[in-house]
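Participant: here's a sequence, model it:
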Amino acid sequence: MTISDLSQIEGRRYPARRRTQNLAGGVAPIQAKNFSIGNVTLDPEGGQVPWHNQEQEEVYFVIEGTGEMCLGEERQTLTSGQMVYIPSGVFHQLTNIGKTPLRMLYCYGPAGDVAHWRQELEGTLPKAGIDVPPLPPGAQPQCTLKPE
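Facilitator: Numbering: from 1, shown residues only. Down below sits the predicted model:
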């Protein structure tokens, strides 16, 4: 039996002020073919999964906290207990707009690498409105900080 134990997975910090812990897929003990799942903690007041897209369809489930979800041309607040569906190829971004950490689970399928993790670590994320479609009007800016 293979078990992923969140308390034993250090995860990785990203420049956009979040920690991602892979539970299935990536560097996790569980390697499924049809999906990847992980726990993400966004730092208070601005921690983010920056504007990106990917081939896989995905869902985000907010466990605790309040975030601004941008999906294509839409922008909406997500709170604890809400899940959003992200179709394949659609640009999306989640920003913590609360004063406490935002915790969420992602699940996408099929399993595999998503380029935005590598791009963020390398400082090469495509910029909203320049290299890729713009964020919805009024959205929090995309984090494009280069790693320190």
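Participant: partner residues bridging the spatially most central residue of the chain?
Facilitator: In the chain, the C-alpha nearest the mean C-alpha coordinate belongs to Val49, at 3.9 Å (Cα atoms, centre = their mean). Following DSSP bridges, Val49 is listed with bridge partners Leu94.
Participant: that one against Arg19, yeah?
Facilitator: No: contact between Val49 and Arg19 fails when scored by Cβ atoms under 8 Å: they sit 11.4 Å apart. (Each C-beta comes from the backbone N, C-alpha and C, glycine too.)
Participant: mutual contacts of those two, please.
Facilitator: By Cβ atoms under 8 Å, 6 or more residues apart in numbering, Val49 and Arg19 have these common neighbours: Val40.
Participant: can you pull the contacts of the residue nearest to the centre of the chain?
Facilitator: Neighbours of Val49 in contact, by Cβ under 8 Å, 6+ apart: Ala16, Arg18, Val40, Leu42, His92, Gln93, Leu94, His116.
Participant: alright, calling it a day.
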